[in-house]
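> one predicted model, sequence on top.
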Amino acid sequence: MLESGGGAVLKEGALEKRSDGLLQLWKKKRCVLTEEGLVLHPSKHHHHHETACKAKELHFANMKTVDCVERKGKYVYFTVVMSEGREIDFRCPQDEGWNAEITLQMVQYKNRQAILAVKSSRQKQQQLLVVSAQKMLRNAQ
């Protein structure tokens with residue numbers, strides 16, 4: 001779960017998410033941004049026990065891009081595109097910079113994953129070299 005093991009809270013506040021329903025209404029969500037992703041909670045008007053059940057997690061591992069759609073009036077509208085193709089529309093006041101912050105954290109997450117993959121690959125190569133060298137030494141004796 002992102003909240004418990006997702007690292008420090010980097011940004012917290014309100015974002016509006018467009019609902020998936022027919023009317024596509026904007027619904028206020030309490031959002032928490034961590035190094036691992038974005039957690040969306042229903043607005044504080046709901047009871048606390050409901051909030052724990054209905055939190056939606058958008059993990060950076062499953063996120064493809066954050067597209068800034070437009071700046072209109074006091075809002076900036078942006079879309080989070082998930083790797084399976086699902087698009088989630090958000091809006092926030094322009095001065096809050098949620099879209100930039102989410103994009104920055106997503107890029108940093110992907111960079112950390114790429115570095116870990118390279119390190120892991122190098123370790124495997126080194127282990128193979130050690131095993132090969134040991135076999136060669138045994139055969140030479």
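Thanks, I have it.
> ok, which stretches of this structure are helices?
2-5, 48-54, 98-140 (DSSP state H).
> any idea which of those helices gets closest to residue 38?
Residue 38 sits nearest to helix 98-140 of all the helices of the chain, at 6.1 Å, using Cβ to Cβ. C-betas here are computed from N, CA, C, even on glycine.
> what about that closest one, average pLDDT?
When pLDDT is averaged over helix 98-140, the result is 88.
> and residue 32, bridged to which residues?
residue 12, residue 39 (DSSP bridges).
> okay, now it: neighbour count?
20 (other Cβ atoms under 10 Å).
> surely it touches residue 39?
Yes: assessed by Cβ atoms under 8 Å, residue 32 is found in contact with residue 39 at 4.6 Å.
> and the pLDDT for residue 47?
Reported pLDDT for residue 47: 49.
> how about the one 4 residues further on?
On the pLDDT scale, residue 51 is placed at 41.
> cool, and residue 84?
On the pLDDT scale, residue 84 gets 92.
> go on, residue 3?
pLDDT, residue 3: 51.
> repeat that for residue 41.
Value for residue 41, per-residue pLDDT: 93.
> what sits against it?
When contacts are counted by Cβ atoms under 8 Å, 6 or more residues apart in numbering, residue 41 is found next to 29-32, 51, 54-55.
> any idea how far it is from residue 32?
For residue 41, the distance to residue 32 equals 7 Å [Cβ to Cβ, to the nearest Å].
> quick one, what contacts residue 74?
Neighbours of residue 74 in contact, by Cβ under 8 Å, 6+ apart: 93-94.
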